[in-house]
Every structure is written in structure tokens, then in C-alpha cells.
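Q: Sequence first, then the predicted structure, then my questions.
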Number of protein chains: 2
Amino acid sequence: MLRLTKKADYGLMALKYIAEHPEATALSAKDIAEAYHIPAQLLAKILQRLAKVGIVKSHAGMNGGYSLLKDPRKISAFEVIFAIDGPLFITSCFTHEGNCDLTNSCTIKEPLARVNETISSVLKNIHISDLVEEGRSRTVRELITIRATSGEKILQAT
Amino acid sequence: MLRLTKKADYGLMALKYIAEHPEATALSAKDIAEAYHIPAQLLAKILQRLAKVGIVKSHAGMNGGYSLLKDPRKISAFEVIFAIDGPLFITSCFTHEGNCDLTNSCTIKEPLARVNETISSVLKNIHISDLVEEGRSRTVRELITIRATSGEKILQAT
DNA sequence: CAAGTATACGACCGCTGGAGTCCGAATTCA
DNA sequence: TGAATTCGGACTCCAGCGGTCGTATACTTG
Ligand code: SF4
Ligand code: SF4
């Protein structure tokens, strides 16, 4: 259930790695791949996707590589995942709007859409700068505070 | 990204349907399947899974079917999804503990685990009774209130 | 300019796992 | 007993993920 693709995983790792090495003007895909023992070619493709949406900048030629284009604090996990895996969400109706032929008879669609929204906002509030900080300062208390109240208490018609 | 399986989807729909019809002692899988236009056989298997974990009770024989075993308010979306799709989570390392061979070199694992935790708690706070209410009282303000603060502000070493 | 090194990009492929089907056995009601 | 129904596993089908390859292209250095 609810799996995050490995590509997105790699993408986040790579971004974190780049953010941790601001001294380098550009980091080649191969370097990053070797640092984490992940297939270089695959990482390259991922970074290309990220370059396309303007998260990262690519420098061709020797001593080339990738460098951050945006402030690490401004890059949310959401947009990274979105750029890599596309607009795929839990409901599978919702985004493709109506591929699931049950869209009208389904009564569960709307509540799930709200759950969807919730998860999205969680991811949107996580930035790769947070991941970097995570590595430096040990034992973090809480990265996210979430308070999801039980619903039925808030549930009231307007 | 982050897809919820259709089986889990169906499971939630079925449970909601059963919860909406407390007058019936038992509802056959076929009836529910026809109501939502989903394959009956598949739904049957889903309900069997739910019966196994004690969420629902199966009655064999004619006029048989399934009935809720627990209070709708006590059945969380989390346990339903868990029962159907198994312990599959976003990280894919985390639960299978160490199938991803990068577990040690990966620096992103822990933050993601926390995200995982967050999403889980969201699902745990949603019960099928909420879904039923959703259908009756129109225009619900908010089923879930979430406040995910930006992390870095809370981020402090102990 | 030419060589060498890097990314760019699309085609390609094996395989896992989700979606769905089938069928025989067990169970219960009439 | 017989009809109706669930039970449960085995099975097929196929989209999509993870990963590879090859070629085109762009840049740097000498
Ligand atoms: S069954 Fe309902 S919630 Fe699920 S994909 Fe179809 S319309 Fe959306
Ligand atoms: S790359 Fe890291 S976060 Fe992703 S599955 Fe492997 S250990 Fe877990």
C-alpha cells in the first residue's frame, strides 16, 4: 500500500547530496550515484527530469554535472516527487479525472480526495533543507507535528 | 506516486455500504458488487481478507453474506488497508527491514520514516463511520485538520 | 579545431505485483 | 438432499517500475 517509487527516493537523495556540497559548482551524476551505490544511468535520467522543471541546472561538458537552481528551503518533497513520478495520487480517479468508470457511483471518492489533499500538504511542507539539517543535528524531536482530529467531532453541516 | 490499490478502495466502499445498511443481517458480496459495479469475485476475496482479521463476519449458506463485526467508529481506514494490501509502506526499506541494500548508506531513510508515520496516523484517524456521515451531511467543512509546520523551525537538537 | 568528457533523450527489456478470473470444497438454509 | 452461497487457493494477464544501452549533442581544454 501507498508506495513511493524508488526513482523519487533516489531523486531526494541526490538533491540532498547536492545541497550538502555547496562548495562544488557542479556534481556529476556518476559521482552521486557512486556515493550511494545506485545505478548512474538511472540517476542521470532522474536528474534530467528535475532539470526540466527547473529544480536543478545541468552543465554539460567535462567537469560538468548538476547544481541546484533553487534554494534548498524552497524545494519541497512534493514537487520533486511530482516531477519524477508524475501526477499519480492515491485515488487514481481524481487526477486522471474519470478514468475509473465508477466516478459517479463511487461514494468514497470525495473523502479520499481530502485524504489525498492532506498527504500532499505534508509533503509540501518538507523541503530538502530539512533533510540536510536532519543529518547534521542528531536526535531531532519532531520534524512534523501533525494533529489529525477524529473527524466526526468536526463533522458538521454548514 | 503514492498510489492506493484498488482493492483497498473497494474494501472501503464495501464497508461503507454495509455500515449504511444496518437493517440487513447480512449482505452478499454479489449485492454489494452490483451496487457499485465492481467485479463480484474480487470483492468476495477482499471481504474474506477483512473477515480474517475480524473486521467483518461471514455467513455461509444461502441468504448469507457479510456483516460488520466491529463498531464502524472503531474501524480505521488504516487497518482496512493494512488487512488488504499488507504492510507495504512508502519507504520499502523500513517495513521489510533491509531489503533495500542501501539501508546503511541511505541518509534519507529516517526522515521518510517519519513521513510514513505521519501518513499512517492520518489514516488511523479516519473511520468508516466518517465516510457514512460524509454521505449524509452535505458540505462538510473539514474532515481532517492538519497542521504540518515547516520543520526547520521545530528542528532543534536536544 | 580536434579530442575527450559530460549530459540528453529515447528506445528497449525483464520482472514484480496489482487486477481480475476460475473452480472445487465447505457450509448453511429450505 | 439440493440449491444457494461463501471459502480459499491457484491461476492468468498486463501495466508500470527499475534498469540498460546506444546515439546524439554540448561543452571544455589543449
Ligand atoms: S472507486 Fe471511487 S475512489 Fe476509487 S478510483 Fe474509482 S471513483 Fe476514485
Ligand atoms: S533508498 Fe533509503 S529510503 Fe529508499 S528504500 Fe532504500 S534505505 Fe529506504
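A: Looks like it arrived, so ask away. Model, not experiment: these values are computed from the prediction. Numbering: from 1, shown residues only, chains lettered A, B, ... in the order given. Ligands and ions are numbered 1, 2, ... in the order given.
Q: avg pLDDT for stretch A:79-98?
A: Summarised as a single mean, pLDDT over stretch A:79-98 is 77.
Q: Kindly report the same for stretch A:113-123.
A: For stretch A:113-123, the mean per-residue pLDDT is 85.
Q: which residues of chain A fall in helices?
A: Along chain A, the segments classed as helices by DSSP state H run A:6-20, A:29-36, A:40-52, A:77-85, A:109-124, A:128-136.
Q: okay, now whichever residue of chain A sits closest to ligand 2: neighbour count?
A: For chain A and ligand 2, the shortest gap (Cβ to the nearest ligand atom) falls at residue A:9, measuring 3.9 Å. From N, CA and C alone the C-beta is placed, and that goes for glycine too. Residue A:9 has 24 neighbours, counted by other Cβ atoms under 10 Å in any protein chain shown.
Q: quick one: pLDDT of it?
A: At residue A:9, the model reports a pLDDT of 90.
Q: how close does the residue nearest to it when sequence neighbours are not counted get to residue B:40?
A: Take residue A:9 and drop its neighbours on the chain: the residue closest to it by Cβ to Cβ, 6 or more residues apart in numbering or on different chains is residue B:108, 7.1 Å away. Note on residue B:108: its distance to residue B:40, by Cβ to Cβ, to the nearest Å, is 43 Å.
Q: Give me the more crowded residue out of the two.
A: residue B:108 (24 against 14).
Q: In contact with the closest residue to DNA strand C within chain A, which residues?
A: The minimum distance from chain A to DNA strand C, using Cβ to the nearest atom of the strand, falls at residue A:58 (3.0 Å). Applying Cβ atoms under 8 Å, 6 or more residues apart in numbering or on different chains, we find residue A:58 in contact with A:47, A:48, A:51, A:64, A:65, A:66.
Q: Please produce a PyMOL select command covering the buried subset of the residues you listed.
A: With 16 or more other Cβ atoms under 10 Å in any protein chain shown as the criterion, this PyMOL line picks the buried residues out of these:
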select buried, chain A and resi 47+65+66
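Q: okay, the contacts of residue A:58 in CSV with pLDDT next?
A: CSV is the format used below for the contacts of residue A:58 (pLDDT from 0 to 100):
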residue, pLDDT
A:47, 94
A:48, 93
A:51, 92
A:64, 83
A:65, 87
A:66, 92
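Q: Close to DNA strand C as well: tell me which of the contacts of residue A:58 qualify.
A: Subset of the contacts of residue A:58 in contact with DNA strand C: A:47, A:48, A:51, A:64, A:65, A:66, counting by Cβ under 7 Å from any atom of the strand.
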